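J.: Provide a 3D model corresponding to the input given below.
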Amino acid sequence: MNPFGVPGITPQELAQKRASGDTFILLDVREPYELAYANLGEGVTLLPLSDLARRQLEALPPEIAANKEADIVVLCHHGNRSAQVTAWLHHNGWVNAVNADGGIEAYAIEVDPSVGRY
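T.: Predicted coordinates for the structure are as follows:
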């Protein structure tokens, strides 16, 4: 369980979800400079936590803002910022959001060592 008590998925579950072709939004809440160190490639929607904190609902990408039923996996470096954003999404009605527990760091260690670590 993550520090915010929100639903989460393991790195292995995220890898299975990506491989299955399921339709979901992978929301990366890290800062843009962090993508240079580690990223999961295509299909990731970037929304830095700093933008969300400043602009709130205005910051949400259209595919999320228009669909409170969206299946969303929130990702960050270690799983803490993403847990915070997942809690915020739940509080604002996006009940299908889950945290990528352990973040991209755990994904790199447990699933894909080719993903950069920092």
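
J.: may I have the beta-bridge partners of V73?
T.: Per DSSP bridges, the residues bridged to V73 are L26, V98.

J.: mind listing what it touches?
T.: Neighbouring residues of V73 by C-beta atoms under 8 Å, 6 or more residues apart in numbering: I9, L14, K17, F24, I25, L26, L27, A97, V98, N99, A100. C-beta coordinates here come from the backbone N, C-alpha and C atoms, glycine included.

J.: tell me how far the ends of stretch 52-69 are from each other?
T.: Stretch 52-69 has an end-to-end distance of 19 Å (C-alpha to C-alpha, to the nearest Å).

J.: tell me how far that stretch is from the chain's mean position?
T.: Relative to the chain's own centre, stretch 52-69 is displaced by 14 Å; criterion: C-alpha atoms, centre = their mean, to the nearest Å.

J.: what of stretch 57-70?
T.: In terms of C-alpha atoms, centre = their mean, the centre of stretch 57-70 is found 14 Å from the chain centre.

J.: again with stretch 19-36
T.: The answer for stretch 19-36 is 6 Å, by C-alpha atoms, centre = their mean.

J.: what residues of it count as buried?
T.: Residues F24, I25, L26, L27, D28, V29, R30, E34, L35 are the ones in stretch 19-36 that count as buried (16 or more other C-beta atoms under 10 Å).

J.: check these and tell me the two furthest apart.
T.: Pairwise distances across the buried residues of stretch 19-36 peak at 21.2 Å for F24 and E34 (criterion: C-beta to C-beta).

J.: for the closest residue to G5 other than its chain neighbours, which residues are in contact?
T.: Excluding its sequence neighbours, the residue lying closest to G5 (C-beta to C-beta, 6 or more residues apart in numbering) is A87, at 7.7 Å. Contacts here follow C-beta under 8 Å, 6+ apart; on that basis A87 touches F4, G5, V6.
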